[in-house]
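Asker: I would like the atomic coordinates for the input below:
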Amino acid sequence: MNIDIDALISAMDSDNTQNTNIEKSYDSQYKFLYPFTDGKIMLRILYNPKAGVPQRRISRHDTGEKTKVPCLSTYGMDCPVCKAIKDVESEKGSECGAFKKYGYKIRGICYAYVEEIDSAYNKGKSDEEIIKKGDTILFMYPKTVFEAISKIIRDAGARAKSILADNEGIPLVIERETKGNGFPSYTVSLYPFGLTKVFNEGSDAESQAKFDAHLEELPNLNDQFVPIPTTSDPKSDAIAEIIKSAKALANTIVSEYSNSAINPNQVVNDEEYDLPFYTADDAITSSPKTESAPVQNASGGIEIDCFGNYKDDQKCRLCTQEYDCMKKSGK
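Answerer: Have a look, this model is predicted:
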């Protein structure tokens, strides 16, 4: 398969596809592998024609459960989750652990053809889940591995085709080792003992044609785990759902680390807590807000003299009209 190496490198350099929707299942046609234990795996990284890249970076916030939430900075928006973490740590100190619990993690994903794999990666797996030589898999890996693969591809220049798009090409060897401090480290290197073939039947031209067809059959890498909506319009259903999930997590973080109880009158959107800092408009754009129409106090009482001039200080935070004041202040 012929690929434009310059365009590929440019696409890698401008990769903004690290986050999108709530975590979803990968295509069940391909087995999934993450290097969760010490061991070695030899792979052929497979170029993905539909995405135009060999690998993709995804970045998601932990939720404390099994799902992940994307960082809205992907769309050029202020991320309410990042802001919630920053605000909490600014007030409570970094030792409060908000980022450790809810901060984003960067991962890489790619399609890969397995040449060799340590048995440790198949421990405890069913027969259907076992990964073996000859399997095409969806491979997920830490940020350090993503960066190492990117460097190898960039350094290869025009020869990157032999790594990514030739039936007879160069595998990568990825090894995980846990150091004495208990933290794993990863090494990524080109296989030093020659080329390997994915397809061996027929002539070289026939084998290459089969390999090209295999690449073309791979689903779009941008649709895996965190599918990318076809539009970044904040009014689209996909983006609106993304904003809603990020906003909900931000509210959770603020309420968890807040000393104040949540006012039940603030429950909106199917029992989602709409806490002061994070409205839908906050997520959609970071442009200056215009003055909104006057908002009636939740209590129906008379506005105090400073109402509508919220300053985010201790006096304002302790005020019983804080939420309505923030809304009128455009905060």
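
Asker: Only C-alpha atoms from now on, for both contacts and neighbour counts.
Answerer: Will do.

Asker: Poorly predicted segments of this structure, please.
Answerer: 5-28, 74-76, 226-227, 229-236, 238, 259-305, 310-331 (pLDDT under 70).

Asker: For the longest strand that it contains, which strands pair with it and how are they oriented?
Answerer: If you go by DSSP state E, the chain has its longest strand at strand 104-117. Sheet pairing of strand 104-117 (DSSP bridges) gives strand 39-46 (antiparallel), strand 56-62 (antiparallel), strand 136-142 (antiparallel).

Asker: Mind listing residues that contact the last one?
Answerer: Defining contact as CA atoms under 8 Å, 6 or more residues apart in numbering, one finds that strand 136-142 is touched by 26, 30-35, 106-114.

Asker: re earlier: ok, which of the strands paired with strand 104-117 comes nearest G93?
Answerer: strand 56-62 (19.5 Å; CA to CA).

Asker: for that closest one, which positions count as buried?
Answerer: 56-62 (16 or more other CA atoms under 10 Å).

Asker: ok, back up a step: which among the contacts of strand 136-142 end up buried?
Answerer: By neighbour count, with 16+ other CA under 10 Å, the contacts of strand 136-142 hold 26, 30-33, 35, 106-114 as buried.

Asker: give the contact list for Y257.
Answerer: V88.

Asker: Use 361 as the first number from now on
Answerer: Yes, from this point I'll number from 361; that puts the last item at Y617.

Asker: where along this structure do the strands fall?
Answerer: Under DSSP E, the chain gives strands at 391-393, 399-406, 416-422, 428-430, 464-477, 496-502, 528-529, 532-538, 544-550, 556-557, 627-628, 632-633.

Asker: Can you name every helix or strand that the first one contacts?
Answerer: Packed against strand 391-393, as judged by 3 or more CA pairs under 8 Å, 6 or more residues apart in numbering; DSSP states H and E, are the following elements: strand 496-502.

Asker: Just the CA trace of the strand it packs on, in PDB.
Answerer: The C-alpha trace of strand 496-502 is given here as PDB (Å, rounded to 0.1, in the frame of the first residue of the first chain):
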ATOM      1  CA  THR A 496      -5.000  -8.900  14.400                       C
ATOM      2  CA  ILE A 497      -5.800  -7.100  17.600                       C
ATOM      3  CA  LEU A 498      -6.800  -3.700  18.900                       C
ATOM      4  CA  PHE A 499      -3.800  -2.700  21.100                       C
ATOM      5  CA  MET A 500      -4.000   0.000  23.800                       C
ATOM      6  CA  TYR A 501      -0.900   1.200  25.600                       C
ATOM      7  CA  PRO A 502       0.400   4.000  27.900                       C
END
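
Asker: what is the orientation angle of it with strand 544-550?
Answerer: 130 degrees (axes from the mean of the first three to the mean of the last three CA atoms, to 10 degrees).

Asker: quick one, strand 496-502 and strand 532-538 angle?
Answerer: Going by the same axes, to 10 degrees, strand 496-502 makes 50 degrees with strand 532-538.

Asker: how much space between L550 and S615?
Answerer: 48 Å (CA to CA, to the nearest Å).

Asker: go on, F459?
Answerer: 15 Å.

Asker: what does V474 give?
Answerer: Relative to S615, and taking CA to CA, V474 is found at 46 Å.

Asker: residue boundaries of the helices in the protein?
Answerer: Applying DSSP state H to the chain gives helices spanning 365-373, 440-452, 458-462, 503-516, 520-524, 564-577, 597-617, 640-644, 674-678, 682-689.

Asker: Which among these is found nearest to R536?
Answerer: Across these, closest to R536 is helix 503-516 (CA to CA), at 10.0 Å.

Asker: So which elements touch the closest one?
Answerer: strand 464-477, helix 520-524, strand 544-550.

Asker: by how many degrees do it and strand 544-550 diverge?
Answerer: If you take the same axes, to 10 degrees, helix 503-516 sits at 20 degrees to strand 544-550.
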